[in-house]
Each structure stands twice: as structure tokens, then as C-alpha cells.
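Chemist: my questions concern the predicted model and sequence given below.
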There are 2 protein chains.
Amino acid sequence: MAKQATIYDVAALAGVAPSTVSRTFSRPGRVNAETAARVREVAAELGYRTNRIAQALTTARTGVVALTVSDIGNPYYLEIIRGAEAAASAAGCTMLLSDSRESARHEQQVLERTLPLVDGLVLAGSRMSDTAIRAAARQRPVVVLNRVVTDLPSIAPDHALGARSALEHLAGLGHRRVAYLAGPEASWADGMRWRSVLETGQQLGVKVTRLGPYPPTVAGGSRAAQELPAATGAVVAYNDQVAIGLVRGIQQRGGRVPDDVSVVGFDNIFAADLVLPGLTTVAAPAREMGARAVETLVSREGRTYERAMVLPTRLVVRGSTAPPRRKSTSPA
Amino acid sequence: MAKQATIYDVAALAGVAPSTVSRTFSRPGRVNAETAARVREVAAELGYRTNRIAQALTTARTGVVALTVSDIGNPYYLEIIRGAEAAASAAGCTMLLSDSRESARHEQQVLERTLPLVDGLVLAGSRMSDTAIRAAARQRPVVVLNRVVTDLPSIAPDHALGARSALEHLAGLGHRRVAYLAGPEASWADGMRWRSVLETGQQLGVKVTRLGPYPPTVAGGSRAAQELPAATGAVVAYNDQVAIGLVRGIQQRGGRVPDDVSVVGFDNIFAADLVLPGLTTVAAPAREMGARAVETLVSREGRTYERAMVLPTRLVVRGSTAPPRRKSTSPA
DNA sequence: GAGCCGCTGGCAACCGGTTGCCGTTCGCGA
DNA sequence: TCGCGAACGGCAACCGGTTGCCAGCGGCTC
């Protein structure tokens, strides 16, 4: 923790004014090439590094962007985080990652702490109200992920399309009754998914029922398995964790997936391909979403409020879905 | 993004000097109760919030601590992150989380960016050399996690004890040959685990062989399954992901776990209890480690360099380990 | 040869707090 | 009544850069 050299030290040793040193680094071209070379040389010798704090004070830019997720433990965010990190790094900023622990209150606290320090904010899976989000947006540029907030730059997968494709898949297999396992009530995605499942069900003549809400975790899914009506032949779960928990719960009670129950999840998390049977799930371009969010944030010069960006989803079919079981227990 | 009120605004409106406003917030007690009350009132009215950047410039404290992990996707870090977050929050600081992507080079870059902005740094699973870590410690207080660096505050699970208990468990079941699947060469934990497996093996009369290194991922474990000598009856894997991948790989080739091969992992990640069979694994008090690390960092007033803190591990026995298969294929 | 312009470097104000030091006021003991 | 110290508020310097403005200088045009 040796004392850092300042522009004043460099200036003195190089025989120029501090402002010249400053310009050498922050405004190259503004200073004569030879002078700049000398300054750089002295700076290197002294191990000078510009003090980002002091810089931030005058420029009002810290070079840090925040990414808030509703739960770091949720693997869905993994690719979002990676995408965001890559974009931030490419743009020369640091990313400040924080966890709102599935709580609007905690999310608010986190924002309170981080907002003053950052140039912008990506809210992935915010549990706050639109009003609260808009309030934050009044302090710093905000990009909303996984959700659409009017008049705020938003990036979201096409939840409706995803839910529709899940239901079409099940209907195509011959299912006529489908249960939807709801996630957190504060989840915007949950609302969109349920609504789309409901509507698509009506269009396809599939009877849909809603169960829950359940915590968006494996444990939540296990609990759902206990409460699942016996006749249920097909389930769309809020996300993959719930779906995985459900499958396990069913299996532990002696049921079989997909023979007795078909299960579809959302997000295509890594583990979806790990469990047995593999989980059929709705995949979103998570990495791309993370990257786009940060890019949007960083490039917001004219504060152009583009319309919400909705990205296509894709159904990944694995072993957890199959035609409903015949009444007879033996195959045809 | 309305203009924020400053101490000058508050001072003017309250009819006091800016320094009084400053002291009202940063040095309560230094100013008369009545004056303070008035200042606070005016501040509230104006929505004044102290500018953390400006504050950081003079106090040289940003109130941010960084936590660097080798891979955010690794569930092992999850509890560490949670523990660290809780401790940071309790201490009134913000946590800056970053990912070094299993690369010393990238880790270095990340540090370059974050060090200037933070009050201290927790390195969890650093892939850098001791020298590089010491260099960082010269710039900011550092606490090392999962590893011991001489003369630096270090917190690590008792890797040796963990590896020993794993091997004792296998030996107790009757295994006489055990393979160790190595992790990243730059991993300090890997070195400790292997060494302990080796030594314990010698003491217990168990023949141990080392395979790898493999990437510390499920995919790495699957690859290991392909390269596993046919006669192998018991395996200790670098971590749970590798162990899980191994189990899957074995199963896909028609092998059975634990009947044909017993498998032990490290870290007791969440998924260890999710796979079938459940994974026997060495658990470390991850959450506590994360919390202790941040606490150590924050409370480092006298820069007391306590000795390395080594925390006990605990073997969690699940279904992936069993006595070796008899020569006869039928049960006794 | 006068006027103008672009290139450079320096001066000094400023960003928004923090803090050492000083002066005033006031209570209290001698 | 005088002296002394504690309490309290203000002044101004400072943290380390950034930047608007100005001046000197050389070159070019007419």
C-alpha cells in the first residue's frame, strides 16, 4: 500500500504542468507528441496510475455498471452474467454484480448502496414494482432484463412464445389437461408465462389449471409434487429448478416421468441436461441478453429510448415429455 | 437524473457552513444537537445524500470490497458468496463480485480494474501465483480463501483432512485401489488434496493413482469416465462437478455406481444431493468461510496478520460409495 | 509586413466532501 | 470577578484529477 504517484509528482519530474499530465492520458492528441512521450516515460517510471476515484469526481463517470439478479444461485442467470461481463469488459468498464435474494425490499437496499457508485444499472429479474424501477431510472440509466417496463429500455425473451410452444408441444403429444406450477408472484415472467399458457390452452382446447405459487427452487418443485392432483398428466413449471424438483418428487413417490407425467421447464439451465430423464424446456438466449443489456447501457448517449427488445425462445425437447399414458397399463 | 443536492445547498438553506453539514453526518456528536436536527431536516427536505465518490476521495475509503472467484458457475462458490455478501452488508459495505474464469491472466486483468476502486479484496480460489497475490496485497488488503499464502491472512478448509476422510471411508468399505481425478494445475486445493490422498493411501495400504488433470466441470468428469482404467473400483474426484460427470459417464457406458465404481467428490454442492445416486462428498463450511473472509478484511485495523485459519471439513456419505464388487456377479 | 489561425502549455477554478486549526461563547470553579 | 477549558461553528486547505480560458509562438495568406 505504498503511496501512489499523482499527476503532480509526474508533472514535477517531467517539468510540465499537472494539466499537461492529465491531458496526456485523458485527451491524447491535445498535447504535443514529444511532450506526451516524456510524460508517459516519467509516469511509467513512477508507476503512475490515474486515480479512478478522483477522475470520477469531476467526470461523474465511474466506469462501473451494476447487474442485479434475483438470485445468484439460479443458474439461469449464469449465462446472463457471463454475457454482461464480456460486454462490460469490452466496453472498458467493471461490472458490479449483486443479488436481491428474491426480495423487493432487499433489492431496494442493494440499489440504495450501489446506485451512487455506478454509471448504470441492469436489473435482471427485478422483484420491485414498475414504480420503484422507474424511481431508480431517474437516478441512473437502467436497462431492464426479463421484463418489460414501459418507457424503459427492456430486453426480454418472448415468454409468451415460449409458453405457447411448450403447450403446443404437450398438446401435440396428445395431452388435454395441463397444470402450470406458478413461481414468485412478484415475477413478471411468471405472469407472462401463465397468461400465455392459459390463452394457448383455450385455443388448443387444452384444459389448464394453475397451482402454487411455489418458491422457484428445486425444493419448491418437490413440494409441488406432493400437492399435484393424481390425474395430472402434464405439467409446465415456472422454471427448470421447479421442474427438476417436481420430477424428483414424482419419482420418489414411485411415479415415472415421462410415462405418468410429462414435465416442461423454462430457461434450459445446465442441470436440465444432467437429470434423468433430461428435461424438456424453453430456452432463451441468455448470454446474448446479458451482453445486449450492458451494451445498451453503455451506448446510451442520446438517451434514446428504443422499444422493448423481445428475443425469440426455442423449445428444447428432451426425455421428460411423452404422450399421455393409455388407460391400459400395457403397451398397445 | 436530477441534480443532486450537495452539502453547500444544505448549508445555504440551513444557514450554516458546509463543514457543519459535513460533520452532522460524518461526525455526529461533534455538532450541537439542535443544529444537527435543523441540518438533517433541511437535508431530508432537499433529498441530500452524501456523494460517496467525493467522500472516497478524501477518506480514501470507498466502502466496497471485492470478491474474486475462479468461476461463478461453480456452485461451490455460491455459499461463499452468500456468506461474504451477508458479512459485507452487515459491515455496511458493498460487495463487488468478479469472475476470473479459471485463468490467472484474466484474474490479473480483473484485479487491475477493480483494485483501484475497492478497500480490500477476497481471493477465493485464485489461480495466480503466490508472487502475484503478494503483489496485489501490496496495493490493498487481501484475504485469501481456499488456499494458504504465507504471511497473508488465509482461510481454507482442511483439504488434507477432507481427502484423508474420503480415503479412509473408501478403505473402510474395503477398497484397495483408488484413482484420483486431478483438477486444474493452478489450483492450490488440487495440490493439497492429491498430496493428502497419496499420503493417506500409503498409510492405509491403499494403492492410489492420479489421472488427469481434467477441467473442473461435469464435462471434464465425463471425459475422465472414458479414460478410466477398467479395473478402477473407487475414485476420488477433484470436485463434485467432476464426480457427477464421471458418474454420468460411467452410467452411459453401462456401468453402475456404486456397484461397479464408488465415487467421492469435494465441496458438497447442491447438485450432489440431486443426482442419482446421491454423491458422497467432502463438505466445507463455505458460507462461514465467505463471512469470515470479509470480516477479517473489514476489521483489519492494526493490519494484524493472524496465522492461516484452517476450518474442519466433514464427509457427507450418500449413495455413490459402497463396498467393492465381489468377483462373482451374484450377491452372496 | 500586418493579420489571422492553429497548436500547445499553463493557470486556476471546480467536482463534493473532510478536517486541522482557530475564534467565540459560555459555564464553572476559585 | 477573573481565568480556564469544553463545546461548537466557520475558514480554508486539501484529496487528485479535469477543463475553460488565455497567452505565446510559428506559419501562412494577402
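Modeler: Arrived safely. Keep in mind that what you see is a predicted model, and the values were worked out from it rather than measured.

Chemist: doesn't residue A:183 lie inside a strand?
Modeler: No: with DSSP: H, G, I helix; E, B strand; the rest coil as the criterion, residue A:183 is assigned coil and is not in a strand.

Chemist: read off the pLDDT value for it.
Modeler: With respect to pLDDT, residue A:183 scores 94.

Chemist: for it, what are its contacts?
Modeler: For residue A:183, the contact set (C-beta atoms under 8 Å, 6 or more residues apart in numbering or on different chains) comprises A:189-190, A:212-214, A:216, A:238-239, A:242. C-betas here are computed from N, CA, C, even on glycine.

Chemist: check the burial of residue A:195 by counting its neighbours.
Modeler: For residue A:195, the neighbour count with other C-beta atoms under 10 Å in any protein chain shown is 13.

Chemist: what's the closest non-adjacent residue to it?
Modeler: Once flanking residues are discounted, residue A:195 sits nearest to residue A:160: 7.4 Å by C-beta to C-beta, 6 or more residues apart in numbering or on different chains.

Chemist: my read is that that neighbour contacts residue A:191, right?
Modeler: No: counting by C-beta atoms under 8 Å, residue A:160 sits too far from residue A:191 to count as a contact (10.6 Å).

Chemist: of those two, who's got more company?
Modeler: Neighbours of residue A:160 and residue A:191, each counted by other C-beta under 10 Å, are more numerous for residue A:160; the result is 18 against 15.

Chemist: tell me the contacts of that one?
Modeler: Applying C-beta under 8 Å, 6+ apart, the residues near residue A:160 are A:192-193, A:195-196.

Chemist: for chain B, state which of these is nearest.
Modeler: Nearest to chain B among the contacts of residue A:160, counting by C-beta to the nearest C-beta, is residue A:193 at 23.6 Å.

Chemist: off-centre distance for the helix or strand hosting that closest one?
Modeler: Following DSSP states H and E, one finds residue A:193 within helix A:188-204. Centroid separation for helix A:188-204 versus its chain: 21 Å, with C-alpha atoms, centre = their mean, to the nearest Å.

Chemist: kindly report the same for stretch A:249-264.
Modeler: 29 Å.

Chemist: and stretch A:212-226, by the same measure?
Modeler: For stretch A:212-226, the distance to the chain centre is 21 Å (C-alpha atoms, centre = their mean).

Chemist: check contacts around the residue nearest to residue A:255 when sequence neighbours are not counted.
Modeler: Distance criterion C-beta to C-beta, 6+ apart; nearest residue to residue A:255, sequence neighbours excluded, is residue A:261 at 6.3 Å. Residues in contact with residue A:261 (C-beta under 8 Å, 6+ apart) are A:228, A:232-235, A:250, A:255.

Chemist: give me that answer again for 7 Å
Modeler: Counting by C-beta atoms under 7 Å, 6 or more residues apart in numbering or on different chains, residue A:261 touches A:232-235, A:250, A:255.

Chemist: which of those sits closest to residue A:180?
Modeler: Within the contacts of residue A:261, the smallest distance to residue A:180 is 7.6 Å, found for residue A:235 (C-beta to C-beta).

Chemist: you'd agree residue A:169 is in a strand?
Modeler: No: using three-state DSSP, the assignment for residue A:169 is helix, not a strand.

Chemist: and it, how many neighbours?
Modeler: Residue A:169 has 19 nearby residues by other C-beta under 10 Å.

Chemist: residues contacting it?
Modeler: Residue A:169 makes contact with A:264, A:315, A:317, A:321, according to C-beta under 7 Å, 6+ apart.

Chemist: redo that, cut-off 8 Å
Modeler: So, once contact is read as C-beta under 8 Å, 6+ apart, residue A:169 ends up touching A:264, A:280, A:315, A:317, A:321.

Chemist: from residue A:313, how far off is it?
Modeler: Noted for residue A:169: a distance of 12 Å to residue A:313, by C-beta to C-beta, to the nearest Å.

Chemist: for chain A, what lies in contact range of DNA strand C?
Modeler: Contact residues (C-beta under 7 Å from any atom of the strand) of chain A with DNA strand C: A:15-20, A:30-36, A:57-58.

Chemist: in terms of helices and strands, where is the residue nearest to residue A:195?
Modeler: helix A:159-173.

Chemist: tell me what angle that helix forms with helix A:188-204.
Modeler: On the basis of axes from the mean of the first three to the mean of the last three C-alpha atoms, to 10 degrees, helix A:159-173 is oriented at 40 degrees to helix A:188-204.

Chemist: what comes up buried for helix A:159-173?
Modeler: A:159-167, A:169-171, A:173 (16 or more other C-beta atoms under 10 Å in any protein chain shown).

Chemist: chain center to that helix, what's the gap?
Modeler: 22 Å.

Chemist: wait, what's in contact with residue A:45?
Modeler: Per C-beta under 8 Å, 6+ apart, neighbours of residue A:45: residue A:13.

Chemist: which residue is nearest the centroid of chain A?
Modeler: residue A:124 (4.1 Å; C-alpha atoms, centre = their mean).

Chemist: so that residue sits right up against residue A:67, yeah?
Modeler: Yes: contact status for residue A:124 versus residue A:67: in contact at 6.4 Å, counting by C-beta under 8 Å.

Chemist: give me the common contacts of the two.
Modeler: Common contacts of residue A:124 and residue A:67 (C-beta under 8 Å, 6+ apart): A:80, A:290, A:293.
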